[in-house]
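Enquirer: Take a look and give me a structure for this.
(one chain, ligands or ions: 1)
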Amino acid sequence: MLSIDLTGKRAFVAGVADDNGYGWAIVRALSAAGAKVCVGTWPPALKIFTKSLERGKLDTSRPGGGEIEIEKIYPLDAMFDTPEDVPEEVRADKRYAELTGYTIQELSDQMRADFGNGCLDILVHSLANGPEVQKLLVDTSRKGYLTALSASAYSLVSMVSRFGPLMNRGGSVLSLSYLAAARATPGYGGGMSSAKAALEGDTRTLALEAGYRWGLRVNTISAGPLASRAAKAIGIVEIMVDYYKANAPLRDVQTADDVGHVAAFLSSPLAAGISGMTVYVDKGYHAMGMAVGAHLPIEGRIS
Ligand code: NAD
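Expert: Reported below is the predicted structural model:
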């Protein structure tokens, strides 16, 4: 039987702070396939995440049985590459003041110190931040736009650059994108559509460069809408979920596990020939060119 077997592999999933989002579903799936999993958590969310885990408030069940064990939780602020990049007001913020090592370079150094060179096989970037996401792109400030790009797209480049040397040949890098990268999507503003377009373009270029340099594969999953904590900041995610349910070829609501399972496949040797791809996991919605709408007699004709 062909199965996804990640025994003996170690993954780092960046962007996990609760059990509602895609990052957590990816942790569950990688763990169910046998990988050891470390996570990176944004400092403002770190305390509540670790407390919720300790108190058993998160769903730690693995698909197929057993419980997730997270090998280590690292603080990570993907806005910063090195300690010199951290502004004084962030250092002084009480959610950061007692932490060290949360920049991307320090985190990579810490993982090398914890587990040695060649300690990593799977890198997952499951984070995004766009402070002006509720504004139209045309009304977005330069600062808001560049922050969205920095947090949501450049952070992948920086992570590949700094984690690549730790990774074993044949390893996989994966990020999470959204259809607004390729199609105008109302409500996904503030430069977030631009950030996802950059992420998808960079996926192709990084696939070339990380493939040549370290023998790594780089892909992104373009996921359908999910009412995660981050997506609720968009303000209309429930409407997006309903719209997909009404208009995607597959009528079930998208689940986080739909994405987790594909992430496990793409991270596995079964996907050894796939790199530079944007893989849609959205119940087929990306294939549509026109909303189905109640007035089109498509259901009667198809069923
Ligand atoms: P989520 O809330 O589970 O994940 C987003 C994570 O990003 C959070 O844990 C947050 O703490 C973290 N984060 C924010 N700023 C950060 C920073 N500077 N440094 C480190 N971490 C930071 O929500 P999600 O919707 O599952 O998002 C995961 C990924 O999936 C994102 O890239 C998102 O754009 C993408 N995505 C989401 C949807 C959706 O509808 N939910 C659809 C397509 C793609």
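
Enquirer: alpha carbons only for contacts and neighbour counts from here, please
Expert: Noted.

Enquirer: Enumerate the residues of this structure near the ligand.
Expert: Residues of the chain lying close to the ligand by CA under 6 Å from any ligand atom are 15-17, 20-23, 41-42, 45, 76-79, 126-129, 151, 176-178, 222-231.

Enquirer: For those residues, which PyMOL command selects only the ones that are buried?
Expert: A single PyMOL command selects the buried members of those (16 or more other CA atoms under 10 Å):
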select buried, resi 15+16+17+20+21+22+23+41+42+76+77+78+79+126+127+128+129+151+176+177+178+222+223+224+225+226+227+230+231
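
Enquirer: For the stretch 151-300 of the chain, just list every one of the helices.
Expert: Along the stretch 151-300 of the chain, counting by DSSP state H, counting those that start in this stretch, helices occupy 155-163, 192-214, 229-232, 237-247, 256-266, 298-302.

Enquirer: For the shortest one, the averaged confidence score.
Expert: Per-residue pLDDT over helix 229-232 has a mean of 89.

Enquirer: residue closest to the middle of this protein?
Expert: residue 126 (1.7 Å; CA atoms, centre = their mean).

Enquirer: That one: what's it in contact with?
Expert: Contacts here follow CA atoms under 8 Å, 6 or more residues apart in numbering; on that basis residue 126 touches 13, 14, 15, 16, 22, 23, 175, 176.

Enquirer: Can you add pLDDT and give those residues back as JSON lines?
Expert: As requested, those are arranged in JSON lines below (pLDDT from 0 to 100):
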{"residue": "13", "pLDDT": "99"}
{"residue": "14", "pLDDT": "98"}
{"residue": "15", "pLDDT": "98"}
{"residue": "16", "pLDDT": "98"}
{"residue": "22", "pLDDT": "98"}
{"residue": "23", "pLDDT": "98"}
{"residue": "175", "pLDDT": "99"}
{"residue": "176", "pLDDT": "98"}
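
Enquirer: What about those, which are in strands?
Expert: 13, 14, 175, 176 (DSSP state E).

Enquirer: May I ask which of the residues you listed has the most neighbours?
Expert: Among the ones in strands among the contacts of residue 126, residue 14 has the most neighbours (other CA atoms under 10 Å), with 28 neighbours.

Enquirer: Quick check: closest non-adjacent residue to that one.
Expert: Counting by CA to CA, 6 or more residues apart in numbering, residue 14 lies nearest to residue 40, which is 4.4 Å off, once chain neighbours are set aside.

Enquirer: which residues does whatever residue of the stretch 201-303 of the chain ends up closest to the ligand contact?
Expert: Among all residues of the stretch 201-303 of the chain, residue 225 sits closest to the ligand, at 3.2 Å; criterion: CA to the nearest ligand atom. Counting by CA under 8 Å, 6+ apart, residue 225 touches 231, 237, 240, 241, 244, 254, 282.

Enquirer: now the residues you listed as a markdown table including distance to residue 96?
Expert: Formatted as a markdown table, these follow (distance: CA to CA, whole Å):
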| residue | distance to residue 96 |
| --- | --- |
| 231 | 24 |
| 237 | 30 |
| 240 | 34 |
| 241 | 34 |
| 244 | 38 |
| 254 | 35 |
| 282 | 36 |
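
Enquirer: what ranges do the strands span in the stretch 51-200 of the chain?
Expert: Assigned by DSSP state E, counting those that start in this stretch, the stretch 51-200 of the chain shows strands spanning 70-75, 120-125, 167-177.

Enquirer: Perfect, that will be all.
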